[in-house]
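*Asks:* could you look at this predicted model? Sequence included:
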Amino acid sequence: MEAQAQGLLETEALQGRDDDTVASADFSSMLSEEEREELKAELVQLEDEIATLRQVLSAKERHLVEIKQKLGMNLMNELKQNFSRSWYDVQTTTAYKKTHETLSHAGQKATAAFSNVGTAISKKFGDMRNSPTFKSFEERVETTVTSLKTKVGGANHGGGSFEEVLSSTAHASAQSSGGGPRRAEEEELHC
């Protein structure tokens, strides 16, 4: 009975050991010559089967490549498809949807804030333009432009609004840069 208990203890202890320890144990001394020959034959058979499976797998992979080439599928197309599929998977996640909604809401608020800032700046410029300081500056510019035109020999437009003075100055400047004096001389020569 003790021998049976001892045998059971050894089996239980063997089952509880680490797989690496079991794998490194030398069981060849416990095998008979016949068992050893059977295991060697089985080993050869398994190695042959593995080699055959590798050949079959290789042939199937070549066939797969041929079919993909015939269908016009290449690595780039597969990468695009994988990326599209992954992007779709990301977009369908709850985290993405919540983030998208939050950023969209933040963008709407930012747009409204920029709009309010733009309105406030426009109002300030309007208030500044109607201020006495700006009116005084506008009058000084008009006076300066008028006196310059008179000194240069341009036509006297008799004041006018700031916009009219700027417009007439710009018009006169455009004519003179377009070859105004030379063109007049050329016209005199042609007559």
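*Replies:* Looks like it came in fine. Numbers count the residues shown, from 1 in each chain.

*Asks:* starting at the chain centroid, how far to stretch 94-107?
*Replies:* 17 Å (Cα atoms, centre = their mean, to the nearest Å).

*Asks:* now do the SS call for the residue nearest to the spatial centre of the chain.
*Replies:* The structure's the chain has its C-alpha centroid closest to residue 87; by Cα atoms, centre = their mean the separation is 12.1 Å. Secondary structure assignment for residue 87 (DSSP: H, G, I helix; E, B strand; the rest coil): helix.

*Asks:* ok, it to residue 81 distance?
*Replies:* Distance of residue 87 to residue 81, given as Cβ to Cβ, to the nearest Å: 11 Å. The C-beta positions use only the backbone N, C-alpha and C, and glycine is treated the same way.

*Asks:* now stretch 96-115 - C-alpha only, PDB.
*Replies:* Only the C-alpha atoms of stretch 96-115 are listed here, as PDB (Å, rounded to 0.1, in the frame of the first residue of the first chain):
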ATOM      1  CA  TYR A  96     -15.200  59.200 -30.700                       C
ATOM      2  CA  LYS A  97     -18.900  60.200 -30.900                       C
ATOM      3  CA  LYS A  98     -18.700  62.000 -27.500                       C
ATOM      4  CA  THR A  99     -15.400  63.700 -28.500                       C
ATOM      5  CA  HIS A 100     -16.900  64.700 -31.900                       C
ATOM      6  CA  GLU A 101     -20.000  66.200 -30.200                       C
ATOM      7  CA  THR A 102     -17.900  68.100 -27.700                       C
ATOM      8  CA  LEU A 103     -15.500  69.500 -30.300                       C
ATOM      9  CA  SER A 104     -18.400  70.400 -32.500                       C
ATOM     10  CA  HIS A 105     -20.200  72.200 -29.700                       C
ATOM     11  CA  ALA A 106     -16.900  74.000 -28.800                       C
ATOM     12  CA  GLY A 107     -16.500  75.100 -32.400                       C
ATOM     13  CA  GLN A 108     -19.900  76.600 -32.500                       C
ATOM     14  CA  LYS A 109     -19.200  78.500 -29.300                       C
ATOM     15  CA  ALA A 110     -15.900  79.700 -30.700                       C
ATOM     16  CA  THR A 111     -17.600  80.900 -33.900                       C
ATOM     17  CA  ALA A 112     -20.200  82.800 -31.900                       C
ATOM     18  CA  ALA A 113     -17.500  84.300 -29.700                       C
ATOM     19  CA  PHE A 114     -15.500  85.500 -32.800                       C
ATOM     20  CA  SER A 115     -18.600  86.900 -34.300                       C
END
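
*Asks:* could I get the average pLDDT for the longest helix along the chain?
*Replies:* For the chain, the helix with the greatest residue count under DSSP state H is helix 33-70. Averaged across helix 33-70, the pLDDT comes to 93.
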